[in-house]
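[1] return a 3D structure for these sequence lines:
(2 chains)
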Protein chains: 2
Amino acid sequence: MQSIGVELGERSYPIHIGSGILDDASLYAPHFETGRAAIVTNTVVAPLYLERLRRALGAAGIKALEIVVPDGEQAKDWRTLDKVLDALLAARCDRQTPLVALGGGVVGDLAGFAAAIYQRGVPFVQVPTTLLAQVDSSVGGKTGINHPRGKNMIGAFHQPLAVISDVATLATLPARELRAGIAEVIKHGLALDEAFVVWLEANIGNLLSGDTDALTHAVRRSCELKAAVVAADERESGRRALLNFGHTFAHAIETGMGYGAWLHGEAVAAGMVMAAELSMRSGLIGETDLRRVRELIGRAELPVAGPPELSPERYLELMAVDKKAARGRVRFVVLEAVGRAVLRAEVNERLVREAISAATAAVAAR
Amino acid sequence: MQSIGVELGERSYPIHIGSGILDDASLYAPHFETGRAAIVTNTVVAPLYLERLRRALGAAGIKALEIVVPDGEQAKDWRTLDKVLDALLAARCDRQTPLVALGGGVVGDLAGFAAAIYQRGVPFVQVPTTLLAQVDSSVGGKTGINHPRGKNMIGAFHQPLAVISDVATLATLPARELRAGIAEVIKHGLALDEAFVVWLEANIGNLLSGDTDALTHAVRRSCELKAAVVAADERESGRRALLNFGHTFAHAIETGMGYGAWLHGEAVAAGMVMAAELSMRSGLIGETDLRRVRELIGRAELPVAGPPELSPERYLELMAVDKKAARGRVRFVVLEAVGRAVLRAEVNERLVREAISAATAAVAAR
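    Numbering: from 1, shown residues only, chains lettered A, B, ... in the order given. From the prediction side, this is the model:
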């Protein structure tokens, strides 16, 4: 097992990464002093891992309430959130009872937000079981739900007590979801660390085939890169925005196509190609860099273009309400080089349209 | 105008107290750098003060979206919260747009919570127009909504940028609500400052008649006392719980009778008598102190007893889910002396029943 620290002063916490650590009672014991917990999971993850988590907590002397929500992005809504809160109240969970999020990004965001607002905040522990959650959403304290007008529009920053990432759980992940997680791994490389991009170019096949050592390294390096950024800028006033590389476009794809049509990672993949196109059109990177971005994403069997249904106009419309908009203007994360992202507030709208067109399926398919 | 500082490190903020300061553009200007704001108010306060606030903001170059919610405790629910969030999204308010809460405690709690969770947190400014809000709910960063299973069960700690308390707005407050606000003023004295109790005993008539100087002093001293406690314990892990003197019983009354039947301050008044009864029965204060508590509350024309509809059994049931319950046990704030509250986890249930009985209308009316 490997452990990384996320340094946030009194809100610092460890990320434990390893194979089979879901069953390690000693990892849970320090965080549940009252002997009670509430596990939030979903209908897909529960049959796979709930019993094992229950046993691990039991071995640490912790009795847990179990709350099972529906699977899918649709569960990140008011209704499901209220169900979680209602279950906590019905069981009279108090302010000292930690929530445990067992599952992917949706469960983590939902349970984390429930923990943020239940009785004005209770502790929580992340046990992510998808690659996306292990490399991205479980780290950094962003929690929240969707709103019909936009993804993740309602939420809070609420740091977990600990993250326990068992890469063995990725064996049960559908291939499509594994790839979607790899999109965020690639993002960490492209935005922050060229050496990691080189490693990914050499190991993308091992990741796709589910090799444990490759996955452990990818999770660990992603968490390290993200943790360093989060430590420097917990509330995303500056540097943390770089983690949104590809995401402004991706959120437009997800909202425009309806939540769930594209997996988040798939939208991020296409969004990163758009951002790279924009970077090249803004004179920041060359054709070779752009090709390198597109090739890595393509080799990960991820979309290198957005859906033909969405016009550049529709993207601009959808992006205006995206929460990365600062003072009415949309800011873009672009690449200065492979492994070095920067934030640009002044971007020519014509170039944005061109970048979207260049990375839209009907065109890219030519 | 007088100003008090709430010292919370980087979350520190000023409370301005004065007569007619609602119109002072210079108080708003520093907090709205982007020239935009969103005012949240209700149908009762809007016709009285919205135009004036709009003009004051306009004079500071700030253009404001206006969101008017229904009046009353019923507005502290999911549905109204979602309306506020939806209006912010529809107007494409970004993370830099502060919310302004114009109104009483309900508006402040609701708008503050909306500010806490809109795009994971936006700034907000409190402009309280009720005595309850000026002396209590606008100070300390507690925000939230009610849940059918309990009051204030869903919420967040979210500190405002500033509080602007215009005591002249209290002139339009119904007498019953003024008295309800005085209950919290009395609470600050009874829990924290015997000298303030002496001042209240001498000035209760002036407060009831709406004397500006008396109100200014009461607001100022209440804010000072509360601010000192909040500064020492922002998230209510210890000393801040003392501000809940009377509130464990009060929440049971409010939930048991249905939100709105009793005003919060009225329930707190009866709750403080119950807590004083409990203090005496626990051997902490004498009969004279108890009488002093009851007399001051009675002279403020506030209830000195709970509703006959609620049995001691029902209180115990309701209090078990109250969020002050620590690790399954209900903790009580009791008096060691007038002006000195303490927190007790170990309280004899029989004494609690007796205290409730002694301060329940049918009995107290004898």
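
[2] name the nearest residue to A:Val347, sequence neighbours excluded.
    A:Phe332 (5.0 Å; CB to CB, 6 or more residues apart in numbering or on different chains). Glycine gets a C-beta too; all of them are placed from N, C-alpha and C.

[3] what sits against the one you found?
    A:Thr248, A:Ala275, A:Leu278, A:Leu343, A:Arg344, A:Val347, A:Val352 (CB atoms under 8 Å, 6 or more residues apart in numbering or on different chains).

[4] which one is the fourth one nearest to, not counting chain neighbours?
    To tie it back to what came earlier, the one meant is A:Leu343. A:Leu343's closest residue in space is A:Ala241 (CB to CB, 6+ apart), at 5.2 Å.

[5] thought the one you found was touching A:Arg331?
    Yes: at 7.2 Å, A:Ala241 counts as touching A:Arg331 under the criterion of CB atoms under 8 Å.

[6] where's the most centrally placed residue in chain A relative to A:Thr143, distance?
    By CA atoms, centre = their mean, chain A has its centre lying nearest to A:Ser137, at 3.2 Å. Note on A:Ser137: its distance to A:Thr143, by CB to CB, to the nearest Å, is 9 Å.

[7] list residues touching both of the two?
    Counting by CB under 8 Å, 6+ apart, the residues touching both A:Ser137 and A:Thr143 are A:Gly108, A:Asp109.

[8] before we move on, the earlier item: now do the residue nearest to A:Leu343, the pLDDT please.
    The per-residue pLDDT reported for A:Ala241 equals 90.

[9] what's the spacing between it and A:Ala345?
    In terms of CB to CB, A:Ala241 sits 11 Å off from A:Ala345.

[10] quick one, which of the two is more surrounded?
    Using other CB atoms under 10 Å in any protein chain shown, the more surrounded residue of A:Ala241 and A:Ala345 is A:Ala241, with 21 against 10.

[11] of all the contacts of A:Phe332, which two lie farthest apart?
    A:Leu343 and A:Val352 (14.7 Å; CB to CB).

[12] between these two, who's got more neighbours?
    More crowded of A:Leu343 and A:Val352, by other CB under 10 Å: A:Val352, with 24 against 16.

[13] report the contact partners of A:Met1.
    A:Met1 makes contact with A:His16, A:Ile17, A:Gly18, A:Ile21, A:Asp24 under the criterion CB under 8 Å, 6+ apart.

[14] quick check: A:Pro70 touching A:Lys83?
    No: applying CB under 8 Å as the test, A:Pro70 and A:Lys83 come out as separate, 9.4 Å apart.

[15] more neighbours, the two?
    A:Lys83 (18 against 14).

[16] what helix or strand is that one on?
    helix A:78-90 (DSSP states H and E).

[17] what bridges to the residue nearest to A:Val347?
    Beta-bridge partners of A:Phe332, counted by DSSP bridges, are A:Arg344.

[18] and it, how close does it get to B:Gly306?
    60 Å.

[19] number of nearby residues for the closest residue to chain B within the stretch 151-300 of chain A?
    The minimum distance from the stretch 151-300 of chain A to chain B, using CB to the nearest CB, falls at A:Gly155 (4.5 Å). Applying other CB under 10 Å, we find 25 residues neighbouring A:Gly155.

[20] got it, and A:Glu7?
    Neighbourhood size, A:Glu7 [other CB under 10 Å]: 13.

[21] so it makes contact with A:Glu234?
    No: A:Glu7 is beyond contact range of A:Glu234, at 10.1 Å (criterion: CB under 8 Å).

[22] look up phi and psi at the residue nearest to A:Gly155 when sequence neighbours are not counted.
    Spatially, and ignoring its direct neighbours in sequence, A:Gly155 is nearest to A:Gly144 (2.1 Å; CB to CB, 6+ apart). Dihedral angles phi and psi of A:Gly144 (degrees, to the nearest 10) take the values phi 160, psi -180.

[23] which residues touch A:Gly144?
    Contacts of A:Gly144 by CB under 8 Å, 6+ apart are A:Lys76, A:Asp109, A:Gly112, A:Phe113, A:Asn152, A:Met153, A:Ile154, A:Gly155, A:Ala156, B:Ile117, B:Arg120.

[24] now the last one: closest residue in space that isn't a chain neighbour?
    Yep, that's B:Arg120 we're talking about. Using CB to CB, 6+ apart and skipping residues adjacent in sequence, the residue nearest B:Arg120 is A:Gly155, 4.5 Å away.

[25] for the stretch 51-200 of chain A, what lies in contact range of chain B?
    Contact residues (CB under 8 Å from any CB of the partner chain) of the stretch 51-200 of chain A with chain B: A:78, A:82, A:85-86, A:89-90, A:92, A:94-96, A:116-121, A:142, A:144, A:147, A:149-150, A:152-157.

[26] please indicate which of those are buried?
    A:78, A:85, A:89, A:94-96, A:116-121, A:142, A:144, A:147, A:150, A:152-157 (16 or more other CB atoms under 10 Å in any protein chain shown).

[27] so what does the helix ranked longest in chain A touch, helix or strand wise?
    What stands out as the longest helix in chain A, according to DSSP state H, is helix A:212-232. Helix A:212-232 is packed against strand A:2-6, strand A:13-18, helix A:131-132, strand A:162-166, helix A:175-192, helix A:194-208, with contacts defined by 3 or more CB pairs under 8 Å, 6 or more residues apart in numbering or on different chains; DSSP states H and E.

[28] please work out which of these is packed deepest.
    By mean neighbour count, with neighbours taken as mean count of other CB atoms under 10 Å in any protein chain shown, helix A:131-132 ranks first of these at a mean of 28.

[29] tell me where the model's unsure across chain A.
    A:321-329, A:362-366 (pLDDT under 70).

[30] can you do 50?
    Applying pLDDT under 50 to chain A picks out residues A:323, A:365-366.

[31] and stretch A:307-320, what's buried?
    A:Pro307, A:Leu310, A:Pro312, A:Tyr315, A:Leu318, A:Met319.

[32] need the max-distance pair from those residues.
    Top of the distance list for the buried residues of stretch A:307-320 (CB to CB): A:Pro307 and A:Met319, 15.3 Å.

[33] so who does A:Leu22 touch?
    When contacts are taken as CB under 8 Å, 6+ apart, A:Leu22 is in contact with A:Tyr49, A:Arg52, A:Leu53, A:Ala56, A:Val127, A:Ile164, A:Asp166, A:Ala168, A:Thr169.

[34] give the contact list for the closest residue to the last one other than its chain neighbours.
    In space, A:Thr169 comes closest to A:Thr129 once its chain neighbours are excluded; the distance is 4.2 Å by CB to CB, 6+ apart. When contacts are counted by CB under 8 Å, 6+ apart, A:Thr129 touches A:Val45, A:Leu48, A:Tyr49, A:Leu102, A:Gly103, A:Gly104, A:Asp166, A:Thr169, A:Leu170, A:Thr172, A:Leu173.
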